[in-house]
Structures are given as structure tokens and as C-alpha cells.
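Colleague: Everything below, folded, please.
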Amino acid sequence: MTPRPVRRHREDGLVGGGEVLFGGVLVLIFATMLVVNLWLIIDAKVAVSAASREAARRIVEAGNDAGIVDAQRAAAEAVAGHHRSALRINVTVDGKATTRCGRISVTVRSDVALVLLPLWHFTQATTQVSSTHTELIDGYRSGLLGEAHCG
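Modeller: Sure, this is the predicted structure:
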């Protein structure tokens, strides 16, 4: 009877498995942090868009220049409603609310803190998102002087 040959197990195919697993985990972490950064920017854009819309609406409904303070308050409330800090916003109003058919533009800007990604060098750890909303003062609104010349 002939003796059975001894099988020796080679480890050539097993050595690369650990390296691929480690690289896959690193790619997964990097991709997750990239998605978090994108979501922070999208969430801030939605918040400042709502804030600019609410601020412009508040000025149009007030019908006078005193509505600007109410507009800033409305923008802060809208941002706070999206669970963001109202201290980080900057509200700019362009136009007069005392003229019929006048245009009011409200721009809201906010700084967004980014999560730093490994091996990706940012010059800044923040980015700025902004939104502008324009409203038209009603030509037939009571309480305003002059005639309506909406063209």
C-alpha cells in the first residue's frame, strides 16, 4: 500500500483579505463623513430658504418699514423651527415696504460648520449658504400712500 501524500495548505490567498477589509472600512468611514457634510449643507439651505420666505412675507404683511424688525424675528423663528441656531444667521433687506407694487428682497445667510474629512484639506472648516426671496407689495393694499403703478 502506498502512503497518502501529505497536503500542505498554502496561505497565498488569505494574506490579501485583511488588507482589503481594512481599506473597505476606511472607504466606508470617508464616504459616511462626506454624506454627513452634504446633509449639513442641504439642511442649512432648507432652513435659510424658509427663513427668507417668512421674513419677506412678514414685511409684505406689515406694510411699513417697521416690519423689518419683525422680519428679522420671523427669520430667527423659522431657523429655530429647523433646529438650527438663530445666532448664526444674517438677514439683509433690500427695498421699501411703503410703496405700492414695490419689490422686497430678503437675503438670509448662515455659516455651516463642516466635519473635517481625513486626507481632504479644506481651507476653511465652514461654508456659507444663502437664500434670497422676493415679494411684491400688493397694489391694492390699504394703508399705503399713492397710486398703484404695477407694470
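
Colleague: which residues touch the closest residue in space to Val46 that isn't next to it in sequence?
Modeller: Spatial nearest neighbour of Val46, chain neighbours left out: His82 (6.6 Å); criterion: CB to CB, 6 or more residues apart in numbering. Backbone N, C-alpha and C define where each C-beta goes, glycine included. Residues in contact with His82 (CB atoms under 8 Å, 6 or more residues apart in numbering) are 43, 46-47, 50.

Colleague: I'd like the next helix or strand past the top helix by length along the chain.
Modeller: Using DSSP state H, we find that the single longest helix of the chain is helix 15-62. Counting by DSSP states H and E, the next helix or strand C-terminal to helix 15-62 is helix 67-81.

Colleague: what angle separates that following helix from helix 15-62?
Modeller: 150 degrees (axes from the mean of the first three to the mean of the last three CA atoms, to 10 degrees).

Colleague: which other helices and strands contact whichever helix or strand comes after helix 67-81?
Modeller: From helix 67-81 onward toward the C-terminus, using DSSP H and E, the following helix or strand is strand 89-94. Under the contact criterion of 3 or more CB pairs under 8 Å, 6 or more residues apart in numbering; DSSP states H and E, strand 89-94 touches helix 15-62, helix 67-81, strand 103-113.

Colleague: a markdown table for the ones you listed, including mean neighbour count, mean pLDDT and distance to Val93?
Modeller: Shown next, in a markdown table, are those (neighbours: other CB atoms under 10 Å; pLDDT from 0 to 100; distance: least, CB to CB, whole Å):
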| stretch | mean neighbour count | mean pLDDT | distance to Val93 |
| --- | --- | --- | --- |
| helix 15-62 | 16 | 88 | 7 |
| helix 67-81 | 19 | 88 | 5 |
| strand 103-113 | 20 | 91 | 5 |
